[in-house]
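predicted model follows, preceded by the sequence.
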Amino acid sequence: MPMLFSQVISSLELVLMLSGCVLLWQQGLSPEARGRANRQAAAMPAWPLSVSGFLLFLWLVVAGGFLAQSATSLALRYISLSPTGTMIVVGGSFHAGMLLGIIVFKLFLERAAARPGTALPRWRIAGYGFATFMIALPLIAATGLIWQHLLQYCGVNLEEQELVGIFAKSKSPRLIGTMILLATVVAPVTEEMIFRAGLFRYARTRFPRWVALLVPAMLFAALHANLASFAPLMVLGIVFSLAYERTGNIAVPMVAHGLFNLNTILLIFAGINF
């Protein structure tokens, strides 16, 4: 059964990669796609937020994360959890705290007129999100291959992310379920609100476009604290920013982000190196 599961996942991954290459040409690299992308990017409104308002947004995000993490760490002194369980709960609380900071900012401090966004039917959001996910796959695979060879050439020892090892070795259904929920729902929502709907949206009309695309993507990659995945995650962040810019709806990269994390989890369970 494990061998069959691995073969099915490998075949599915190959189909997704090939489909992603086709979509990458149709939606991103062809002359028609580039012209359409420029028109769509120009149509996305700016975020009329002052510097002080933006700094307040960042402060609420960071403060919310650390306060929630600290409160959780104190509460866990009275609860018996394994070291792995403690790490997952504390990490999840940090994301939850950041998300709470974003909610507070949007509900009480951000003016309604400062909320650009395009209303899309749910089926379009799902479709655009899935297409973004497929387009990202071949780009990430190619970037990861080049990045790994470059690091090995420089004599850098590559280490997998700690969570990857936990997924691969964990036997607890409850722990696995919690990690899947955090990876496919909580983290995508929080990180997209911070890096795409926050940093990228603010920077895209105030700095050169390449800076607006690159800096949030680099910070997004650095957040995961793993050198081996830095360049692929940076490319992923750029793809998500472009998807947000072209659709005007932050739910699109959220869906793509959740699908990417779910795909990574399936690869781990299938024992496939990536």
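Arrived safely. All values reported here derive from a predicted model rather than from experimental measurement.

list the contacts of the host helix or strand of Met193.
Using DSSP states H and E, the element containing Met193 is helix 187-194. Helix 187-194 is contacted from outside by 61, 95-96, 98-99, 102, 220, 223, 240, 244, 250, 253-255, 257-258, 261, using Cβ atoms under 8 Å, 6 or more residues apart in numbering. Quick note: C-beta positions are derived from backbone N, CA and C, even for glycine.

quick one: list the elements packing against the strand or helix carrying Ala141.
Using DSSP H and E, Ala141 falls within helix 122-153. If you count contacts as 3 or more Cβ pairs under 8 Å, 6 or more residues apart in numbering; DSSP states H and E, helix 122-153 packs onto helix 2-24, helix 230-247, helix 251-270.

can you redo the ones you listed as CSV with mean pLDDT and distance to Trp147?
Output for the helices and strands packed on helix 122-153, formatted as CSV (pLDDT from 0 to 100; distance: least, Cβ to Cβ, whole Å):
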stretch, mean pLDDT, distance to Trp147
helix 2-24, 86, 17
helix 230-247, 95, 4
helix 251-270, 93, 16
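
wait, Met179 sits on Ile88?
Yes. With contact defined as Cβ atoms under 8 Å, Met179 counts as touching Ile88 (6.0 Å).

mind checking how far Gly144 is from Arg201?
To Arg201, Gly144 is 27 Å away according to Cβ to Cβ, to the nearest Å.

sorry, wrong one. I was asking about His149.
Distance, His149 to Arg201, by Cβ to Cβ: 35 Å.

the more surrounded of those two?
Neighbour totals were compared for His149 and Arg201, and Arg201 leads with 26 against 10 (other Cβ atoms under 10 Å).

so what's the closest residue to Val156 other than its chain neighbours up against?
Closest residue in space to Val156, ignoring its immediate chain neighbours: Leu227 at 6.7 Å, by Cβ to Cβ, 6 or more residues apart in numbering. The contact partners of Leu227, by Cβ under 8 Å, 6+ apart, come to Leu151, Val156, Leu158, Glu159.

how many neighbouring residues does the third one have?
Using other Cβ under 10 Å, Leu158 has 12 other residues around it.

start the count at 24, not 1, going forward
Shifting the count to begin at 24 puts that one at Leu181.

which segments of the chain make up each domain?
According to automatic domain parsing, the chain comprises the domains 25-70+142-293, 71-138.

just those: most buried one?
Greatest average neighbour count among these goes to domain 25-70+142-293 (a mean of 17), per mean count of other Cβ atoms under 10 Å.

isn't Arg219 up against Leu265?
No. Assessed by Cβ under 8 Å, Arg219 is found out of contact with Leu265, at 9.8 Å.

ok, back up a step: ok, then the element right after the helix holding Met216?
With elements assigned by DSSP H and E, the helix or strand that comes after helix 210-217 is helix 224-226.

mind pulling up the phi and psi values for Pro144?
phi -60, psi 150 (degrees, to the nearest 10).

typed the wrong thing, it's Leu104
Leu104 adopts backbone torsions of phi -130, psi 150, taken as degrees, to the nearest 10.

from Val112, how far out is it?
Distance of Leu104 to Val112, computed by Cβ to Cβ: 7 Å.

ditto for Ile148
According to Cβ to Cβ, Ile148 stands 30 Å off from Val112.
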